[in-house]
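Asker: Pasting the sequence and the predicted model now:
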Amino acid sequence: MGILERLNGGRWGVHPHDDHKRPAADTPLRVMPLPAKLCVPLLQHVGAPAKPVVAVGDSVLRGQLIAAAQGAVSAPVHAPSSGVVTAIGPVTAPHPSGLPFDAITITLDGEDRALEAAGVDDPLALEPAEVTRRIADAGIVGLGGATFPSAPKAQLGRKLEVQTLVINGGECEPYLSSDDSVMRHRADDVIDGVRILMHAVGARTALVGIEDNKPEAIAAMREAARAFAAIRICPVPARYPMGSDRQLVEVLTGKQVPAGARTASIGVLVNNVSTCAAIHRALRHGEALYRRIVTVNGGAVAAPGNVLAPVGVLVEDLLAFVGLKEAPARLVMGGPMMGLALPHAQVPTVKACGGVLALTAAEIARPAPSACIRCGSCVKACPMGLQPLEIAARVRAGDYDGAASLQLDDCLACGCCAYVCPSNLPLVQSFQHAKGTLWARAQQKKRNALTRELADARRERLERDARERAEAAAKRKAARAAQQASAAAPGGQEMPS
Amino acid sequence: MNMLASSALPSVAASPHAGQLGSVSHVMLKVMLALAPATACGFWYFGWPAFNLWLVTVLAALAGEALCLRLMAKPVVPTLLDGSALLTGWLLAVSLPPWAPWWLGVIGGLFATVIGKQVFGGIGCNLFNPAMVARVALLVSFPVVMTGWVAPIGLTGAQAPGWLESLQLTFGGSVPDAYTSASLLGQAKTELSRGVSLLQTFANGLPVSWSGMRPGSLGETAVLLIAAGGIAMMLMGLITWHIPVSMLLAIAIPAAIGHAVNPARYLDAGAHVLSGGAMLGAFFIATDYVTSPSSRGGQLVFGAGCGLLTWVIRTYGGYPEGVAFAVLLMNALTPVIDRAIKPRVYGRNWRGQPIAPRKEN
């Protein structure tokens, strides 16, 4: 940061002085030996959970479909190794709540027998729709953390005639280096995946944004992209949250994404480098997404580094593989800025899990919160241009609508504000709480409106029924009267009342 | 795997799981470091009585804070250690006449933390700058003592009072006439009110001083050291240029215009910026976090308001100096400024509506 920029209060984001990425990022990639069992979750993506297509007792092979996509936005799930399905049901989800979600438990036989897979020699000769279908069949979702299924995303890009792909190699979270590892060791796969994705979307250019704290990855990717003029490798400053799609798009294209809209609305589609590598494997080798590189890091880990691990491996097994040198004070899935604290270690990983951290008490120690001194550090740090201190003051006062009027909805929960706060206020927590409350209120409002609608409809129906009955009765009465009148008429006699 | 016994893990923890490990006391300590050179220079120029006054004022501010915390059954020592009461007392002390008697510092220090800060709810809750609240209260209550300036005769000079003598000056009686002197702003106001033009009053040149060798408040005269401290705070990332620069410009520009139009009536920009508490106010008083706006745009408006009001009060008001009043008036406007001027949110226009998608390929 230059002096002038410093006098001006710096730009958005934070510069973690020690990003803890090394030495883990520099250690050779290790392949995790197969554990005794895997719990493969059915919901590892945005959208509807996959539907099991195997039953307890079935034998499965590596790469075999075990749960099929349901609906337009969904993704199938494949067996990461061979074995027998021993349970289909709830396991603890990787979420601080410790709530369960459904998973298929496979007891592995250790033989790792694979389903015969067939790739295509030239994916670029396929129809774009066929490429998208294969991406969908491989169960590929956004591996940067957003977990949006990649096939519908590509379809959306094609429909909106997106011309620019932004490939996210930012990996701005401290401690994590799984994308770095993919770029260093599989740069050709990534670039091939980018070309396949460009073909599927119909994009003309691809901008690969890589933070400048990863010189090895930048060099490897430049080498791999040398032959392709349409793919540009763009080093970007290492500044968290550079890997957030909105921030990366602005830095690379100079354009901001309108609030509440997707990047596709400005003609840009963002995909992670690991996603591109998975697309390459799916198209060229017919390999579904059932394993990935996971960074296992943190002060409590004996041998931190990047591990190629099957999806659905329990955190417990992963940590046993790398070893622990002390009891962790906190387990986190994801990075330290936005990752989720795990309730315990019997939790499976998911496709988008780029890192598992075992942090020591010293690493997570924060002084007790004190009063806000309105120093404005959070305002300077917020990558969205929000005023966290003002929002927090309203949340504290229970004024959730006031918080919403300060665009709380635009908050990324990136944690920059809480990271820099000298008073150590739990700002993100308070914003998440307010968002939850506002969401619950909106749901209640919807429910109330629906209830009112139903009640009104019922009253109307009852009224209509009553009216119709009365009308029918009147008609019957009139008919009867007319009949009687016509019966009585010839005699001209008075009816006895 | 007994290392992973779930009982060792907290049940719920929110992200982020990392932090800068800063604290309020770190912030206050850095501000005090930035303020220390100018204060030390004040001691050097005005001698032992200035140090005595600084000490009693700071102690009184701490005592006021401790008393309130005690009465409210809040933790006393941890709160005192955040350094904010010490800084408040310090800022008040450097804005007082250097040879003021002990009771002025005591009343001011207590007023600053008790009425200026704790009554509003303590740190972070006060609407007005506590040091300036106390300074203005003292000024309207004890106008004579608060404008009793002395010439900078030094800490060790021949005329300078020794340490024992200084105790007598601070805790004993009044300042001997031999030491008293007038400030530039005070002289200008007095002479103008008698109908004497500025050209006549300052026929021998304006008594402005870059070195700070001039009569004035304890820590406001060493303008270069104050500016250096301010720039140090900017480099440490504590403050930005917005408030100091806009405030100084808003004093200097109207002053320059007025002086160009009628030099007999209006002091020039240099005299305004180098006199009184303009520098101290711009770098250390108006930049108080709690009582200034949080957005950069708001800070520009706030600083400009402080500067303009200072010039207006000095030029047309009843008091020769206006920094404290100007800052307090703008403090009152801070919530309004914060409401009106917000940073532009990403993907939205200044009115908060989503921007139109701009597609260009």
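Answerer: Received it, and whenever you're ready, just let me know what you need. Residues are numbered from 1 along each chain as shown, chains lettered A, B, ... in the order given.

Asker: any idea how far chain B is from A:Glu211?
Answerer: Separation of A:Glu211 from chain B (C-beta to the nearest C-beta, to the nearest Å) stands at 17 Å. Heads up, the C-betas are built off the backbone N, CA and C, glycines and all.

Asker: Need phi/psi at that residue.
Answerer: phi -60, psi 140 (degrees, to the nearest 10).

Asker: neighbours of it, just the number please.
Answerer: Residues near A:Glu211, counting by other C-beta atoms under 10 Å in any protein chain shown, number 24.

Asker: Would you mind confirming that it is in contact with A:Glu171?
Answerer: Yes. Look at A:Glu211 against A:Glu171 with C-beta atoms under 8 Å: they come within range, at 6.6 Å.

Asker: Next, show the common contact partners of these two.
Answerer: Residues touching both A:Glu211 and A:Glu171 (C-beta atoms under 8 Å, 6 or more residues apart in numbering or on different chains) are A:Gly243.

Asker: So, low pLDDT: which residues of chain A?
Answerer: Applying pLDDT under 70 to chain A picks out residues A:1, A:17, A:489-497.

Asker: B:Ala278 and B:Val323 touch, don't they?
Answerer: Yes. Judged on C-beta under 8 Å, B:Ala278 makes contact with B:Val323 at a distance of 6.2 Å.

Asker: Just the helices from the stretch 101-250 of chain A, written as ranges.
Answerer: Secondary structure of the stretch 101-250 of chain A (DSSP state H, counting those that start in this stretch): helices at A:128-137, A:150-159, A:178-185, A:187-201, A:215-225, A:245-253.

Asker: circling back: for B:Ala278 and B:Val323, list the residues in contact with both.
Answerer: Listed contacts common to B:Ala278 and B:Val323 are B:Thr310; contacts here mean C-beta under 8 Å, 6+ apart.

Asker: For A:Asp107, give the beta-bridge partners.
Answerer: For the record, residue A:107 is Thr, not Asp. For A:Thr107, the beta-bridge partners are A:Lys37, A:Val84 (DSSP bridges).

Asker: Spit out the contact partners of it.
Answerer: Shown in contact with A:Thr107 (C-beta under 8 Å, 6+ apart): A:36-37, A:83-84, A:86.

Asker: Which members of those are the farthest-apart pair?
Answerer: Farthest apart among the contacts of A:Thr107 by C-beta to C-beta are A:Ala36 and A:Val84. That separation is 11.8 Å.

Asker: count of neighbours near A:Ala487?
Answerer: Neighbour count of A:Ala487, defined by other C-beta under 10 Å: 10.

Asker: From chain B, how far out is it?
Answerer: 76 Å.

Asker: Packing partners of the host helix or strand of that residue?
Answerer: Here A:Ala487 sits within helix A:427-488, counting by DSSP states H and E. In terms of contacts (3 or more C-beta pairs under 8 Å, 6 or more residues apart in numbering or on different chains; DSSP states H and E), helix A:427-488 is packed against helix A:388-396, helix A:400-405, helix A:416-420.

Asker: got these as JSON lines, with distance to chain B and mean neighbour count columns?
Answerer: Compiled in JSON lines, those are given as follows (distance: least, C-beta to the nearest C-beta, whole Å; neighbours: other C-beta atoms under 10 Å in any protein chain shown):
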{"stretch": "helix A:388-396", "distance to chain B": "6", "mean neighbour count": "22"}
{"stretch": "helix A:400-405", "distance to chain B": "8", "mean neighbour count": "17"}
{"stretch": "helix A:416-420", "distance to chain B": "5", "mean neighbour count": "26"}
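
Asker: Now the residue of the stretch 1-150 of chain A found nearest chain B: closest residue in space, sequence neighbours ignored.
Answerer: Nearest residue of the stretch 1-150 of chain A to chain B (C-beta to the nearest C-beta) works out as A:Gly9 at 4.1 Å. Nearest residue to A:Gly9 in three dimensions, chain neighbours excluded: B:Thr240, at 4.1 Å (C-beta to C-beta, 6 or more residues apart in numbering or on different chains).

Asker: and the residue of the stretch 51-200 of chain B found nearest chain A, how many neighbours?
Answerer: Residue nearest to chain A within the stretch 51-200 of chain B: B:Gly124 (4.1 Å; C-beta to the nearest C-beta). For B:Gly124, the count of nearby residues is 20 (other C-beta under 10 Å).

Asker: tell me which parts of the stretch 201-350 of chain A are close to chain B?
Answerer: Taking C-beta under 8 Å from any C-beta of the partner chain as the measure of proximity, the stretch 201-350 of chain A contacts chain B at A:204, A:246, A:250, A:255-261, A:265-267, A:300, A:316, A:319-320, A:324, A:326-332, A:336-345.

Asker: Which stretches in the stretch 101-250 of chain B count as helices?
Answerer: Going by DSSP H, counting those that start in this stretch, the stretch 101-250 of chain B shows helices at B:102-110, B:130-141, B:143-146, B:163-171, B:184-193, B:198-201, B:223-235, B:242-261.

Asker: of all those helices, which lies closest to A:Arg186?
Answerer: helix B:223-235 (42.9 Å).

Asker: who touches the closest one?
Answerer: If you take C-beta under 8 Å, 6+ apart as the criterion, helix B:223-235 is touched by A:3, A:6-7, B:30-31, B:33-38, B:41, B:210-212, B:219-220, B:239-241, B:244, B:273-274, B:279-280, B:282-284, B:287.

Asker: Which of the residues in that helix are classified as buried?
Answerer: Within helix B:223-235, the residues that count as buried by 16 or more other C-beta atoms under 10 Å in any protein chain shown are B:223, B:225-227, B:229-234.

Asker: and what of stretch A:251-267?
Answerer: Using 16+ other C-beta under 10 Å as the test for burial, stretch A:251-267 gives A:251-253, A:255-259, A:262-267.

Asker: Check stretch B:28-40 too.
Answerer: Residues B:28, B:30-32, B:34-35, B:37-39 are the ones in stretch B:28-40 that count as buried (16+ other C-beta under 10 Å).

Asker: Out of the residues you listed, which comes closest to chain A?
Answerer: Among these, B:Met28 lies closest to chain A (C-beta to the nearest C-beta), at 8.9 Å.

Asker: host element of that closest one?
Answerer: Of the helices and strands defined by DSSP H and E, B:Met28 is found in helix B:24-46.

Asker: From the chain's centroid, how far away is the helix or strand just after that helix?
Answerer: Using DSSP H and E, the helix or strand that follows helix B:24-46 towards the C-terminus is helix B:48-71. Taking C-alpha atoms, centre = their mean, to the nearest Å, one finds the center of helix B:48-71 at 17 Å from the center of the full chain.

Asker: then helix B:48-71 to CSV, C-alphas only?
Answerer: Extracted in CSV, the C-alpha atoms of helix B:48-71 (Å, rounded to 0.1, in the frame of the first residue of the first chain):
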residue,chain,number,x,y,z
TRP,B,48,7.3,23.4,35.3
PRO,B,49,3.9,25.0,35.9
ALA,B,50,2.7,23.6,32.6
PHE,B,51,3.8,20.1,33.6
ASN,B,52,2.0,20.5,37.0
LEU,B,53,-1.2,21.5,35.3
TRP,B,54,-1.0,18.6,32.8
LEU,B,55,-0.5,16.2,35.7
VAL,B,56,-3.4,17.4,37.8
THR,B,57,-5.8,17.6,34.8
VAL,B,58,-5.0,14.0,33.7
LEU,B,59,-5.4,12.7,37.2
ALA,B,60,-8.7,14.5,37.7
ALA,B,61,-10.0,13.1,34.4
LEU,B,62,-9.0,9.6,35.6
ALA,B,63,-10.6,10.2,39.0
GLY,B,64,-13.8,11.4,37.4
GLU,B,65,-14.0,8.3,35.2
ALA,B,66,-13.2,6.0,38.1
LEU,B,67,-15.8,7.6,40.3
CYS,B,68,-18.5,7.2,37.7
LEU,B,69,-17.6,3.6,37.0
ARG,B,70,-17.6,2.8,40.7
LEU,B,71,-21.0,4.4,41.1
